[in-house]
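A.B. asks: Sequence and predicted structure, then a few things I'm wondering about:
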Amino acid sequence: MHKERKALSKRGSMGQPVEQIVRRKLSDEVFDRLERLITSGELKPGDEMPSERVLMERFGVGRPAIREAMQALANMGLVNISHGERAKVLQLTAKSLFRQVDLTAKIMLSQSTDSLEHLKSARIFFERGMAREAAVRATEEDIADLQEIIERQRAFLGHAEEFISADMQFHTRIAQISGNPIFAAVSEAMLAWLKTYHTDMLIWTGKEKFTLVEHEEILGRLAENDADGAEAAVLKHLERSRALYTK
């Protein structure tokens with residue numbers, strides 16, 4: 001009998017399940033309306049957002065709700081907030097989207113060794129494809145740019161931070177040859193997440209010289225439009241260097 005009474009308490013007088021209405025915060029309602037202004041095109045990239053006073057009058061809410069909603073938009077990369085100026089609508093790009101998950105990705109990697117290994121494997125899979133694409137599409141200008149990056153990297157021998165930065169530029173530049181900004185953004189994001197775990201082992205074991213030789217080999221295959229050779233050179237390079245990314 002007790003169980004029956006308990007079950008009945010979850011139903012209304014008509015015997016239907018109770019559908020409780022959850023009250024939303026005012027700032028959430030304001031956020032939804034501001035987001036619609038942007039997604040509908042009423043406010044375009046570069047436009048200033050209405051002033052706080054205008055929004056307060058338009059929505060009939062106080063300043064805290066407006067500010068909380070604006071901060072939520074900024075956290076999503078939809079607007080830029082500068083002190084003393086009105087917030088501006090941002091142009092969304094693949095690059096800016098990946099930046100929104102930077103912190104989350106780094107926390108995930110810090111919490112699991114498996115996640116780091118999965119990212120390294122994903123990078124190898126991705127860069128093999130980028131090498132094939134670059135071998136087909138590379139122009140003389142692309143090849144010259146990559147050669148210049150290698151020479152700059154060579155000049156940074158013994159300087160870990162600068163050497164690793166040039167290394168990242170080399171790989172991202174290959175992705176840019178695809179002409180697809182999403183590929184370039186993926187490359188840049190993965191390398192940025194991995195950089196935290198790129199150990200100084202690269203420098204104090206002399207592995208940076210192997211890196212330069214392997215970069216030259218990759219470049220040679222790209223210059224010859226050798227897709228199979230470029231993929232093989234990238235695979236060899238990344239399989240060797242994956243041990244340099246450790247927790």
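C.D. replies: Arrived safely.

A.B. asks: From the contact counts, what lies against the strand or helix carrying R67?
C.D. replies: Counting by DSSP states H and E, the element that carries R67 is helix 63-75. When contacts are defined as 3 or more Cβ pairs under 8 Å, 6 or more residues apart in numbering; DSSP states H and E, helix 63-75 sits against helix 26-39, helix 52-59, strand 79-80. Using the backbone N, CA and C atoms, a C-beta is placed for each residue, glycine as well.

A.B. asks: Got the domain ranges for the chain?
C.D. replies: 26-89, 95-243 (the TED database).

A.B. asks: Could you identify which of the ones you listed is most buried?
C.D. replies: With neighbours defined as mean count of other Cβ atoms under 10 Å, those peak in mean count at domain 95-243, which reaches a mean of 17.

A.B. asks: Show me how far it is from its chain's centre.
C.D. replies: Domain 95-243 has its C-alpha centroid displaced from the chain centroid by 15 Å (Cα atoms, centre = their mean, to the nearest Å).

A.B. asks: re earlier: make JSON lines from the helices and strands packed on helix 63-75 and add mean pLDDT to it.
C.D. replies: What follows is the helices and strands packed on helix 63-75, written out as JSON lines (pLDDT from 0 to 100):
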{"stretch": "helix 26-39", "mean pLDDT": "91"}
{"stretch": "helix 52-59", "mean pLDDT": "92"}
{"stretch": "strand 79-80", "mean pLDDT": "90"}
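
A.B. asks: Among these, which comes closest to A72?
C.D. replies: Between A72 and the helices and strands packed on helix 63-75, the shortest gap by Cβ to Cβ is with helix 26-39, which sits at 5.1 Å.

A.B. asks: Measure how the closest one sits relative to helix 63-75, angle-wise.
C.D. replies: Relative orientation of helix 26-39 and helix 63-75, computed by axes from the mean of the first three to the mean of the last three Cα atoms, to 10 degrees: 50 degrees.

A.B. asks: Output the contacting helices and strands for helix 26-39.
C.D. replies: helix 52-59, helix 63-75.
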